[in-house]
Each structure stands twice: as C-alpha cells, then as structure tokens.
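> here is a sequence with its predicted model. Questions after.
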Amino acid sequence: MAQERSTHKRVIKAPASIEHARSVIKSDPILSKEYCAKLNGQLDDLRVKMKDKIYWKCPIPQHQPFPAPTKDRRSKGDCAGSRCPLCAAISYSPIQASITECLRYLLRVHRYEVLSREKVMGHEADIYIPDLRCIIEVDGYPFHDRADKIEKDLTKSKAWYDQYRVIRLRDDRLQSDASPHDIVCVDRVEINNLESCCLNVIRAMQKGLEINDKRLNELLENIITKGFAEGELAQFYYTQPSPPAGNSLADKHPNLARYWSPSNSLGSEHFYPASNMMANWLCPLCGADYPQQIAQRVKVDNRTGLPRLTHRECCQKIRYAANADEIRAWILKPRGGATLPKALRKRMK
C-alpha cells in the first residue's frame, strides 16, 4: 500500500524585515527622541533589522551616543531596555539626582537645605528638606513593584508619618499601592520626563506642606503657573548630586580642577573624583578641549607619571621632552594657569 502523501504544505518563513526597526522607532516617542541621526543617518532612510546595533543619544547631554539594537532599547514588561553604559554603571538614579539638584537650585535663595540619601529616623530618604519637615521619595519602575521594595516603602512611610510629610512621586506603570499617609503624585518617572516630574513634586509641595514663607509660596506658585524657562532644566541632566563640602573634585584635586574647561555646564565642585561623567578638559600643552571621564582623568598614567591625557601627540611630546621632570612637576602641582608656560614649552623637542 502506497504511503499517503502529506497534505501539509511546508511553511517558508519570510526574512526579518529590515524596515521593522524604523517603524518601531517612529511609533515610540522616546525612541524617536533618542535616535542619533548624526551617526545613523536620517530615520526615513534607515534600513536595519531589529537585532542590528545603531546609535542612540543618552538623555544626559554630557554622555556620548552608545550602540544598541532596537529590540533591546524597546521596553518589554519588567525589562527597562538597554541603557547608556555610563548611566548603567552608576547606582544613583539620574531622575532622582536631577530632581534633587533642581530643588536645590530653586530653594538656594531662601536658604533651605536639600539633602540627598539622608538617614531620617533610621531610614534612608531619597530627598530630605529639614526646614520644611518634608521627605520626597522617587519610586521608579519596575523596582518599586518588587515585594521587598513594597514592604520597605510602607515601613518607611509608617515610621515618618507622625513627624514628616512624605511626598511620593510614583511611576504610572507601578501596580502596587502607596501608603495612604503619603502625598502621592503619579507621572512617568524617567529622565526624559524631568520637567513634568519636577512640576508634579512642586505642586505636591504647595498643596501638601504648610509653608509660612511668603516668598517661597510665591516662587512655587510662579513655577506652577509659568513652568520652567527654556533650557533651564538642562543643567540638572547629570547622574549624581553635588558632593558635600571637601569631597568634590575641586576640593580633592585642585591641581586637576584648573584644567576643567569653561565649556562644561557645571563646575568641578559639582562632581566627585570617582564620577563616570564625561567632561571637557583643557590640554596643558595645546590648550584645546578634549572629552574624558572624570574618574579616568584623575588616574595617573604609569608611563608619563601624569594624569591621563587623551591627546596622544601631546602626551608623547611631554614624555620625551628634555625637561620632562620640570613639566611633570608643574602639571602635578596646583599653581599657575591651565597651559604650560612659554619657558617650559620652548625647551621641549
């Protein structure tokens, strides 16, 4: 008996569409904003697969574009997608740091102290304003939907309830409920949405706190009514809060602080020496700007005995100079300007 031929047709899979990535990016406002047209070309001309790496702009302007496939940049469930390597390497939340610095900037005139990661009654507060007896907690997604985080948040709110007003900024994707004692404001808690998050916190402060300072009330009302000026929030887009007095790059390494380029939006007193932030520096030989991570700049090059310089030609000139020891001594000691004196430069090969 002849074997019956199968009636099932062989299914041939179509090749992965090279236009799928472009349609995904166009449909997602965040991906569209972070798409790096300078390195990838115009989005309308993009022809790559979802798994192919392309360049993305970090929301923090000082960070360089980074490569990642579109399929990893798109958020899926509890996965936040691949991030800028510098942001991922720092445990401190960029949105939390930016809100902290924004409040410090607004309240500095009124001499209100804004503390970050301060212990209050045995529990760490994200943002603490002692004079207003106010604590601000930033609940990002998806971390604050974990069972241990939910329990910890409720414990902290219960401990602070009698003596402090707790404002809790929560991501709109969170499924868990906040403590009924907290002042809750809901928004998309992401660095891309910084302005909206700041305005929500300020509204909660105005409505939920008893502020007797007339000038402060006027300030908060003015911001709520008019919003922030164009570009005003740009200075707060970085990944860590200002260090306490005596702990900044300017305090710890005054010899390196003089090479801090004026083109940076913030001064060297705003960063820790171990920061992964990409900053601009002045080359001591040619005087030109060059980008380099702060932590990398602080390290010493074993070949030259100098802080690491990215201008290779300048490094080689200093290394082989007849007066190399004098140049090293001048660069390592906090004196003079940011470029080599003519007397030292003339004696170089």
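Perfect, I can see it now.

> what mean pLDDT does the helix or strand where residue 125 lies get?
Under the criterion of DSSP states H and E, residue 125 resides in strand 123-129. Strand 123-129 shows a mean pLDDT of 91.

> quick one: buried residues of it?
Across strand 123-129, burial judged by 16 or more other CB atoms under 10 Å covers 123, 125-129. Every residue, glycine included, has its C-beta placed from N, CA and C.

> closest to residue 152 among those residues?
Minimum separation from residue 152 among these (CB to CB) is found for residue 123, which lies at 8.4 Å.

> who's the closest one bridged to?
The bridge-partner assignment for residue 123, based on DSSP bridges, gives residue 120.

> try the one 4 residues further on
Beta-bridge pairing of residue 127, defined through DSSP bridges, involves residue 116, residue 136.

> hang on, the earlier thing: can you redo the buried residues of strand 123-129 as a markdown table with distance to residue 210?
Output for these, formatted as a markdown table (distance: CB to CB, whole Å):
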| residue | distance to residue 210 |
| --- | --- |
| 123 | 23 |
| 125 | 19 |
| 126 | 21 |
| 127 | 18 |
| 128 | 17 |
| 129 | 13 |
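
> from those residues, pick the one nearest residue 43.
Of all the buried residues of strand 123-129, residue 43 sits closest to residue 126, with 36.3 Å by CB to CB.

> what about that closest one, distance to residue 166?
If you measure residue 126 against residue 166 using CB to CB, to the nearest Å, the figure is 10 Å.

> between the two, which contacts overlap?
When contacts are counted by CB atoms under 8 Å, 6 or more residues apart in numbering, residue 126 and residue 166 are jointly contacted by 135-137.

> pop the domain breakdown of the protein in here.
20-79, 94-236, 249-346 (automatic domain parsing).

> residues touching residue 199, list them.
223-224, 227-228.

> any idea which of these has the most stuff around it?
residue 223 (19 neighbours; other CB atoms under 10 Å).

> which non-adjacent residue is nearest that one?
Sequence neighbours aside, residue 202 is the residue nearest to residue 223 in space, at 5.6 Å (criterion: CB to CB, 6 or more residues apart in numbering).

> tell me how many other residues crowd the one you found.
The local packing of residue 202 (other CB under 10 Å) involves 22 other residues.

> pLDDT on the helix or strand that contains it, on average?
Assigning secondary structure by DSSP H and E places residue 202 in helix 194-208. pLDDT averaged over helix 194-208 equals 91, rounded to a whole number.

> with stretch 298-318 instead?
Confidence over stretch 298-318, taken as the mean pLDDT, stands at 75.

> how distant is that stretch from the center of its chain?
A distance of 28 Å separates the centroid of the chain from that of stretch 298-318, by CA atoms, centre = their mean, to the nearest Å.

> just stretch 215-232 next, same as before
With CA atoms, centre = their mean as the basis, stretch 215-232 stands 23 Å off its chain's centre.

> which residues are contacting it?
Contacts made with stretch 215-232 from outside it, assessed by CB under 8 Å, 6+ apart, are listed as 106-107, 109-110, 112, 195, 198-199, 202-203, 205-206, 211.

> ok, now stretch 285-301?
Looking at what lies outside stretch 285-301 - CB under 8 Å, 6+ apart - the contacts are 64, 86, 249, 253, 256, 261, 263, 271-283, 306-311, 314-315, 317-318, 338-340, 345.

> if you set the cut-off to 7 Å instead, what comes out?
Surrounding stretch 285-301, the residues in contact under the criterion CB atoms under 7 Å, 6 or more residues apart in numbering are 249, 253, 256, 261, 263, 271, 273-283, 306-308, 310-311, 314, 317-318, 339-340.

> kindly check the end-to-end length of it for me.
Distance between the two ends of stretch 285-301: 16 Å, counting by CA to CA, to the nearest Å.
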